[in-house]
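Novice: the amino acid sequence is not available; the structure is as follows:
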């Protein structure tokens, strides 16, 4: 539906807007934020992407950095002395990235507390009898014997030391009862 005639207001100049901040924020939004903190701190905004990465010892195009060997052409030799190597002025960036990459990856896989309690309850009450576990009233999700066995195996694989201590404590309880 079109606007009614004469109902549009003309734009007035906003005197209370800080133009310097407005332009700075626009520049920030226009340039993408570099996620890697090592590269971000060493970045020089006055230089191009190629120059910045060359100073850090990083490649702009990985396909050109590590060229693939052509197998078919054997008679022709390629001169690699065509252009001089770029000088690495910021080697600390490369060293920091290598150090960060060499750190061991932390284990992010964990099981829910409910699943751990479920496995403990089932093994404590039924031992290795998966059919009895499937018929148990605490089997809320109506898992089949194979599904229960797989859940127990997943728990064994994720927490082998806890599983061993749990089995040892069960055997100790069994010996105390006898």
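Specialist: All right, it came through fine. Keep in mind that what you see is a predicted model, and the values were worked out from it rather than measured. Residues are numbered from 1 along each chain as shown.
Novice: how far is the worst-scoring helix or strand of the chain on mean pLDDT from where the chain is centred?
Specialist: Lowest on mean pLDDT, DSSP states H and E among the helices and strands of the chain sits helix 62-65, with a mean of 85. With C-alpha atoms, centre = their mean, to the nearest Å as the basis, helix 62-65 stands 24 Å off its chain's centre.
Novice: now do the same contact list for residue 126.
Specialist: Contacts for residue 126 were tallied using C-beta atoms under 8 Å, 6 or more residues apart in numbering; they are 132-133, 136. All C-beta atoms are positioned from the backbone trio N, CA, C, and that covers glycine.
Novice: for the residues you listed, which one is nearest residue 32?
Specialist: Of all the contacts of residue 126, residue 133 has the smallest distance to residue 32: 53.5 Å, by C-beta to C-beta.
Novice: skip ahead from the helix or strand hosting the closest one and say which helix or strand is next.
Specialist: In the assignment (DSSP states H and E), residue 133 maps to helix 130-135. Remark: after helix 130-135, the chain's next helix or strand is helix 145-158, criterion DSSP H and E.
Novice: list the buried residues of that next one.
Specialist: With burial defined by 16 or more other C-beta atoms under 10 Å, the residues of helix 145-158 counted as buried are 148, 151-152, 155.
Novice: what's it packed up against?
Specialist: Judged by 3 or more C-beta pairs under 8 Å, 6 or more residues apart in numbering; DSSP states H and E, the packing partners of helix 145-158 are helix 113-126, helix 130-135.
Novice: 10 Å instead, please
Specialist: Packing contacts for helix 145-158, counted by 3 or more C-beta pairs under 10 Å, 6 or more residues apart in numbering; DSSP states H and E, involve helix 113-126, helix 130-135, helix 160-177.
Novice: residue 24: which of those helices is closest?
Specialist: helix 113-126 (47.8 Å).
Novice: what's the angle from that closest one to helix 160-177?
Specialist: Here helix 113-126 points in a direction 30 degrees away from that of helix 160-177 (axes from the mean of the first three to the mean of the last three C-alpha atoms, to 10 degrees).
Novice: please parse this structure into its domains.
Specialist: Residue ranges for the domains of the chain, per the TED database: 24-66+85-102, 113-176.
Novice: rank those by pLDDT, which is bottom?
Specialist: Lowest mean pLDDT within the domains of the chain: domain 24-66+85-102, a mean of 87.
Novice: for the domains of the chain, which one ends up most surrounded?
Specialist: Ranked by mean neighbour count, the domains of the chain are led by domain 113-176 with a mean of 14 (mean count of other C-beta atoms under 10 Å).
Novice: what's the end-to-end length of it?
Specialist: 28 Å (C-alpha to C-alpha, to the nearest Å).
Novice: got it, and stretch 132-149?
Specialist: Rule used - C-alpha to C-alpha; the end-to-end distance of stretch 132-149 is 12 Å.
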